[in-house]
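Chemist: Task: produce atomic coordinates for the following.
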Amino acid sequence: MQIYKVGGAVRDRLLGREVSEVDWVVVGASAEEMLAQGFRPVGADFPVFLHPRSGEEYALARTERKSGKGYGGFVFHASPEVTLEQDLIRRDLTINAIAEDPQGRLIDPYGGQHDLQARLLRHVSPAFAEDPLRVLRVARFLARYAPLGFSIAPPTLALMRQLADSGELSALTAERCWKEISRALMEPRPDLFIQALRDCGALQVLLPEVDALFGVPQTATHHPEVDTGVHTLMVLQQCARHEQPLNVRWACLLHDVGKGLTPESQWPRHIAHEHRGIGLVEAINQRYRVPRECAELALLTAELHTHCHRALELKASTLLELLQRFDSFRRPQRFSEFIAACEMDARGRLGLEERPYPQGDYLLRAASTAREVAARPLLEQGFQGAELGKAIERERLQRLQHFREQQRSERGQ
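Modeler: Here you go, the predicted structure:
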């Protein structure tokens, strides 16, 4: 039995990056031998085991053969006869196909170290084109490593385009797609994940609503970058720059999808794009079974982001309606995330990345003002049930009216 460190742990050590988890491959062993040594089996499709003490994953060296469509359409063969080189050749990228033995010696049969130095994401073998999930994975690796100077090798991008054209992407499960998308959005360059998918034709298959934004013009007064797709990428850049959570990044990706439905005769204006986007966001959320918190924030942001931009102009009654739509008195965090998404939208514009966003502070203070209304004094006045709710709403409206007048006075309006 020979045990080698493989994959991301080796890659990231060579790049001088922190290693968060370690994977191992075991050559010359059987499943029975692993069990006899106390390893716990976890792999449903192929033999993967957890170390009895460290809990790290140990996989038997294996080969694979394409047998159907999608990520799961493979037959795996693991036996003591499978060599390390045979195991490594089935991996996606050369930089992920480097192994390290217990003495620290590197086994690199496919040029991974060269590609690390050349800053290239390059496929190991033509078998790359058999697994559609690799399109998403390579785009995600670009989002992670582009700040280090990495790019996708042209032949690899060609294979990604071949996969996108083959129809294989439609065989991927919603869960696998969402796992890759959500991880990629949290990388340092989530915009390049989307751009890479577009470059190979996969965005049109996976997120056609986002792909449709490219080439759609907006009014240059508000959007100096003009192109709606470019604006979306710039908003994602701001999300990464300001270290926004996944909820906000997902909302930002989808906030303008309604503009893809604007008739060309109305360009560059996009009247009521907020409402046109609601159905599209609902469809995307359902397609990838997006977690509830991400899905809800994306829907609300698509519909109401222009309210946030115009916050200083809103009537007190509209302010209260906005707070109620977000259930902000019970869920203040969601309202704060909405404001963050809108600020990223405002900053994701050419030359306007540093401009202030007073609307955010204004809305947070308005919410705080309305939240100060307490039920106890109204209960003591005899209000109960539905009447109590109406009394609380009236009191909140009055406070918001006073808040609004005070703010307008301070601004000299």
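
Chemist: Tell me the spacing between residue 342 and residue 169.
Modeler: To residue 169, residue 342 is 32 Å away according to CB to CB, to the nearest Å. Heads up, the C-betas are built off the backbone N, CA and C, glycines and all.

Chemist: Could you list the alpha-carbon positions for stretch 2-12 in CSV?
Modeler: Provided in CSV are the C-alpha atoms of stretch 2-12 (Å, rounded to 0.1, in the frame of the first residue of the first chain):
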residue,chain,number,x,y,z
GLN,A,2,1.3,3.5,-1.0
ILE,A,3,-0.3,6.7,0.1
TYR,A,4,0.0,10.0,-1.6
LYS,A,5,-1.2,13.5,-0.9
VAL,A,6,-3.1,14.8,-4.0
GLY,A,7,-5.1,17.6,-5.6
GLY,A,8,-5.7,20.9,-4.0
ALA,A,9,-3.4,20.5,-1.0
VAL,A,10,-0.4,20.0,-3.2
ARG,A,11,-1.5,22.7,-5.6
ASP,A,12,-2.0,25.3,-3.0
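
Chemist: That one: how far from the chain's middle?
Modeler: Averaging C-alpha positions (CA atoms, centre = their mean, to the nearest Å) puts stretch 2-12 26 Å from its chain's average.

Chemist: again with stretch 296-309
Modeler: Distance of stretch 296-309 from the chain centroid (CA atoms, centre = their mean) equals 18 Å.

Chemist: Against residue 152, how distant is the residue nearest the centre of the chain?
Modeler: The centroid of the chain falls nearest to residue 185 when counting by CA atoms, centre = their mean (2.8 Å). Residue 185 sits 18 Å away from residue 152, going by CB to CB.

Chemist: for residue 47, same thing?
Modeler: Distance from residue 47 to residue 152, by CB to CB: 32 Å.

Chemist: What is the burial count for residue 33?
Modeler: Residues lying near residue 33 (other CB atoms under 10 Å) number 14.

Chemist: how long is stretch 104-120 end to end?
Modeler: Using CA to CA, to the nearest Å, the end-to-end distance of stretch 104-120 comes out at 24 Å.

Chemist: For the stretch 51-200 of the chain, which segments are assigned as helices?
Modeler: 84-88, 112-118, 133-145, 154-166, 174-185, 190-199 (DSSP state H, counting those that start in this stretch).

Chemist: Redo these as JSON lines? Include mean pLDDT and distance to residue 332.
Modeler: Shown next, in JSON lines, are the helices of the stretch 51-200 of the chain (pLDDT from 0 to 100; distance: least, CB to CB, whole Å):
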{"stretch": "helix 84-88", "mean pLDDT": "94", "distance to residue 332": "50"}
{"stretch": "helix 112-118", "mean pLDDT": "98", "distance to residue 332": "45"}
{"stretch": "helix 133-145", "mean pLDDT": "97", "distance to residue 332": "31"}
{"stretch": "helix 154-166", "mean pLDDT": "96", "distance to residue 332": "42"}
{"stretch": "helix 174-185", "mean pLDDT": "97", "distance to residue 332": "24"}
{"stretch": "helix 190-199", "mean pLDDT": "98", "distance to residue 332": "26"}
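
Chemist: Same list, the ones you listed, but as a markdown table with distance to residue 324 please.
Modeler: Formatted as a markdown table, those follow (distance: least, CB to CB, whole Å):
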| stretch | distance to residue 324 |
| --- | --- |
| helix 84-88 | 57 |
| helix 112-118 | 53 |
| helix 133-145 | 37 |
| helix 154-166 | 43 |
| helix 174-185 | 29 |
| helix 190-199 | 32 |
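
Chemist: Which among the ones you listed is found nearest to residue 402?
Modeler: Closest approach to residue 402 among the helices of the stretch 51-200 of the chain is made by helix 174-185 (40.4 Å; CB to CB).
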